[in-house]
Each structure stands twice: as C-alpha cells, then as structure tokens.
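Peer 1: can't give you the sequence, but here's the structure:
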C-alpha cells in the first residue's frame, strides 16, 4: 500500500477500548469493512493483512481469530482455504449452523414451537396459529410437516 492509500486507510480504524482494531468506515452487508484499494472495493481486513503481514496467495481467505468482522488488527487475522473458513464457522457455531431460537432471526422460541406442535396434533387451525405467533402460515405448515423446527 502506498503512502497516499495508507493515509486514507489508517484514520478509518478505531484502536480504542478493545484489542480489535474496528473498522469505522463503510461496511458490506455481512458487517465486514470495505475499502477502495487498487481501483476496486476490497475487504478492509484483506487490505490490512496485505499491508501489515504480506501477500495473500492462491485465492486464500483472511479469517478472524476474534470473530469480529469489523476487526482489521493483523494480530487477529490468519489465512485459510474456503474449507478452513467453513470449518472455522462451524466450529464456532456461526453462520447457517445456528438453528431454532438461537438463530438471530428466529421469531419463535422452543416453547412456542412445542405449543404449536401440541395444537397441530389436535387438528389446530394453522392460520390461527400463524396469527397468534405473528409468523407466516407456511412456517406453521413446515413445523406440522416436520421440515422446520424438527
């Protein structure tokens, strides 16, 4: 990274109150910092890795030890394959592995689902249950079929 780009990059980092160096500029939809570098938009953590550590070879991913997508601290970054990234997410119970009420977008609790299943067992009305729990009736149908909330 040349001097001019470094002068643009460094002020976008907040190094206070944490061991993470949090990106305080633009973020992508997954919460990762983004930075315009070498005529294209790049992940700020990737730019940080390249500047402070070295080249990123063979289409490798830059992973976070801290699991903070805003972090650009080179001490928290390491290289891995796409499989390493997937394994890391799975091991740390992030991403699509989170199910049920632990999922950040879950509207139902395990207790709600138990009540829904009990009502459905006795021929409960799916539309009424959907209204009661503020979910689409398709969600109730998927619970009834055993596809969702197994």
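Peer 2: The structure has been received and is ready for your questions. As the structure is a prediction and not an experimental result, all values here were calculated from the model.
Peer 1: for the rest of this, base every contact and every neighbour count on C-alpha atoms.
Peer 2: Fine.
Peer 1: pull the residues that contact stretch 137-148.
Peer 2: Contacts of stretch 137-148 from elsewhere in the structure, counted by Cα atoms under 8 Å, 6 or more residues apart in numbering, are 113, 116-117, 120, 126-127, 129-131, 149-150.
Peer 1: now stretch 58-67
Peer 2: Here stretch 58-67 makes contact (Cα under 8 Å, 6+ apart) with 20, 45-46, 49, 71, 76-82, 85.
Peer 1: now neighbour count, pLDDT and secondary structure too, for those, in TSV please.
Peer 2: Shown next, in TSV, are these (neighbours: other Cα atoms under 10 Å; pLDDT from 0 to 100; DSSP: H, G, I helix; E, B strand; the rest coil):
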residue	neighbour count	pLDDT	secondary structure
20	21	94	coil
45	27	97	helix
46	23	96	helix
49	23	97	helix
71	27	96	strand
76	19	96	helix
77	21	97	strand
78	16	96	strand
79	17	97	strand
80	16	96	strand
81	14	96	coil
82	14	93	helix
85	17	91	helix
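Peer 1: closest to residue 37 among these?
Peer 2: Distance from residue 37 was checked for each of the contacts of stretch 58-67 by Cα to Cα. The minimum falls on residue 46, at 10.4 Å.
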